[in-house]
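>>> have a look at this prediction, sequence included:
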Amino acid sequence: MINRDPRCIYVANSVGDADIVANWLTENGVAAEVMDRSTLGGLDGLTPWSPLGVGARGTEVWVLDAANAPRALQLLEQHKAERAAQLEANRDSGPVSAECEDCGKVSVFPANQRGTVQNCPFCGSHIDVGDDGPDAIDVGEEEP
């Protein structure tokens with residue numbers, strides 16, 4: 001069992017995921033930061049099979065003030081529940097297309113990817129697969 005500091009509120013599988021969580025928490029009023037960035041999650045537990053060099057204990061996200069840990073955990077649980085509800089609601093909807101801001105090409109994504117960030121199949125840039133944003137185009141079946 002790994003002992004973690006009480007300020008550790010999230011363990012990511014990549015530094016990118018940890019950055020997203022830390023920034024999201026900070027934007028939502030709970031100051032957080034990624035720990036162990038220089039060692040990508042720590043040298044303990046590193047194996048040749050560790051993806052991107054992340055140690056077996058992962059990359060930790062800490063709140064700056066331990067008193068904010070319960071609030072951060074509550075925010076993360078609330079977001080997880082909202083995301084699960086969103087995925088369930090999208091399960092039966094049709095595919096969605098999004099236009100790449102970099103290359104201008106339109107790509108079609110399955111409904112379960114609505115609300116996510118994907119790579120453009122044409123140029124590799126990130127595409128926000130719209131939550132009814134300006135780039136979202138519902139390509140479900142049209143009525144006759």
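Cool, the structure landed. Residues are numbered from 1 along each chain as shown.
>>> ok, the closest residue to residue 6 other than its chain neighbours - how many residues close by?
With sequence-adjacent residues excluded and distances taken as C-beta to C-beta, 6 or more residues apart in numbering, residue 6 is closest to residue 66, at 5.3 Å. Backbone N, C-alpha and C define where each C-beta goes, glycine included. Residues within reach of residue 66, counting by other C-beta atoms under 10 Å, total 13.
>>> what helix or strand is residue 93 located in?
Residue 93 belongs to no helix or strand when elements are defined using DSSP states H and E.
>>> how close does the closest residue to it other than its chain neighbours sit to residue 126?
Spatially, and ignoring its direct neighbours in sequence, residue 93 is nearest to residue 111 (4.5 Å; C-beta to C-beta, 6+ apart). Distance of residue 111 to residue 126, computed by C-beta to C-beta, to the nearest Å: 19 Å.
>>> the two: which has the busier surroundings?
In this view residue 111 and residue 126 are compared by other C-beta under 10 Å, and residue 111 has more residues nearby, 19 against 11.
>>> what about the more buried one, distance to residue 94?
Using C-beta to C-beta, one obtains 6 Å as the distance from residue 111 to residue 94.
>>> swap in residue 4?
Distance from residue 4 to residue 94, by C-beta to C-beta: 43 Å.
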